[in-house]
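*Asks:* Task: produce atomic coordinates for the following.
(chains A and B)
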Amino acid sequence: MYSRALRIGWLLVGLCVAWPAHAQVWQWSTSVPTVVSSETKDHPQAFLWIPDNCRYVRGVVVGQHNMLEEGIFEHPDFRNTMRELGFAIVWVTPMINQTFDWNSTATTKGADIEFRDMMNRLADLSGYSELAIAPVVPLGHSALASYPWNLRPGTLAVRWPSSRFTATPRKRS
Amino acid sequence: MVDPIQTGSDRRTGAHHRRCTGADGDGGIRLGRPLAPAFAYVDKHPKTPFSLLADAGRGHFDFSDAMVRYLGLYIRKAAQYRLPNPSNQSIQSY
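*Replies:* Numbers count the residues shown, from 1 in each chain, chains lettered A, B, ... in the order given. Below you'll find the predicted structure:
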């Protein structure tokens, strides 16, 4: 009996030690009031990570919650690369707009309004005002891979579907 | 992760399509449909730098360390060739 309790105790200690090693920091978050999610009937929450050594945000990778985006954004190798580039990462959950139709519909105000609302709020909140104008790398997986294709207007710089990912670094208008 | 494919002059052709989907022998039909918008986009914007990567051997719901590193490499290259030099950042506008 004692041995079993001891094993469980050590297991819990191990989990407590190991879990923080996988956790990643998102320094800021804000709701996106221009959107009401059909999933939660509430406003989505946008999370922002900026490298701790970043003096000026050169670009921002933006992904919406579908399946793999969060794991990629929290992957240590991905974070290290973004740190070297001076790139921020934004992840929003639930998604704010699946297809990123820039025109308003019965259920959305239009992706342009929703996206700018999210980015402006994060820029104000973080103090990194350049976030509002930083070049965007939209990244999406599977059903959310359409959104990088439709992120416009502006000059499309690079377009990349890999398997069912798309990532599109582009200038902001 | 195998066989990263850089598109060339044949990127809008069916030959490219077959190269991208031929790894599992029967993927052409299933993968061809989702890729159609990509080729349509390249037709419309022929100067767009464009690449395809087949992450063969993995499922739709997971990712590998190698794939994450490839994503990072792609963004690094895009930043290198498309963004201003960091040393000039304060005087650049987009």
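
*Asks:* Against A:N120, how distant is A:S129?
*Replies:* From A:S129 across to A:N120, the span is 9 Å (CB to CB, to the nearest Å). Any C-beta I mention is one placed from the backbone N, CA and C, and that applies to glycine too.

*Asks:* Oops, could you answer that again for A:G9 instead?
*Replies:* 49 Å.

*Asks:* Could you check which of the two is surrounded by more residues?
*Replies:* Higher neighbour count among A:G9 and A:N120: A:N120, with 14 against 10, using other CB atoms under 10 Å in any protein chain shown.

*Asks:* Stretch B:54-67: end-to-end distance?
*Replies:* One end of stretch B:54-67 to the other measures 10 Å (CA to CA, to the nearest Å).

*Asks:* Revised request: answer the last question for stretch A:125-139.
*Replies:* Criterion CA to CA; first-to-last residue distance in stretch A:125-139 is 23 Å.

*Asks:* buried ones in that stretch?
*Replies:* Going by neighbour count (16 or more other CB atoms under 10 Å in any protein chain shown), the buried part of stretch A:125-139 is A:S126, A:Y128, A:E130, A:L131, A:A132, A:A134, A:P135, A:V136, A:V137, A:P138, A:L139.

*Asks:* From these, which land in strands?
*Replies:* Taking DSSP state E, the ones among the buried residues of stretch A:125-139 that sit in strands are A:V136, A:V137, A:P138, A:L139.

*Asks:* tell me which of the residues you listed is nearest to chain B?
*Replies:* A:V137 (5.7 Å; CB to the nearest CB).

*Asks:* Distance of the closest one relative to A:R79?
*Replies:* Counting by CB to CB, the gap from A:V137 to A:R79 is 14 Å.

*Asks:* can you check A:V61 too?
*Replies:* 11 Å.

*Asks:* same question, A:T108
*Replies:* For A:T108, the distance to A:R79 - CB to CB - is 31 Å.

*Asks:* that older thread, the buried residues of stretch A:125-139 also near chain B: which ones?
*Replies:* Residues of these in contact with chain B (CB under 8 Å from any CB of the partner chain): A:A134, A:P135, A:V137, A:L139.

*Asks:* Between which two of the residues you listed is the distance greatest?
*Replies:* For those, the farthest-apart pair by CB to CB is A:A134 and A:L139; their separation is 14.6 Å.

*Asks:* tell me which element B:A40 is part of?
*Replies:* Using DSSP states H and E, B:A40 sits in helix B:27-44.

*Asks:* does chain A sit close to the host helix or strand of B:Y81?
*Replies:* Element membership of B:Y81, judged by DSSP H and E, is helix B:65-82. Yes - on the criterion CB under 8 Å from any CB, helix B:65-82 is in touch with chain A at B:65, B:67-76, B:78-79, B:82.

*Asks:* Can you select the buried ones among those for me in PyMOL?
*Replies:* Here is the PyMOL selection string for the buried members of the residues of helix B:65-82 next to chain A, based on 16+ other CB under 10 Å:
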select buried, chain B and resi 67+68+69+70+71+72+74+75+78+79+82
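
*Asks:* Go through the residues of helix B:65-82 next to chain A and name the one nearest B:A56.
*Replies:* Minimum distance to B:A56 across the residues of helix B:65-82 next to chain A is 10.9 Å, recorded for B:M67 (CB to CB).
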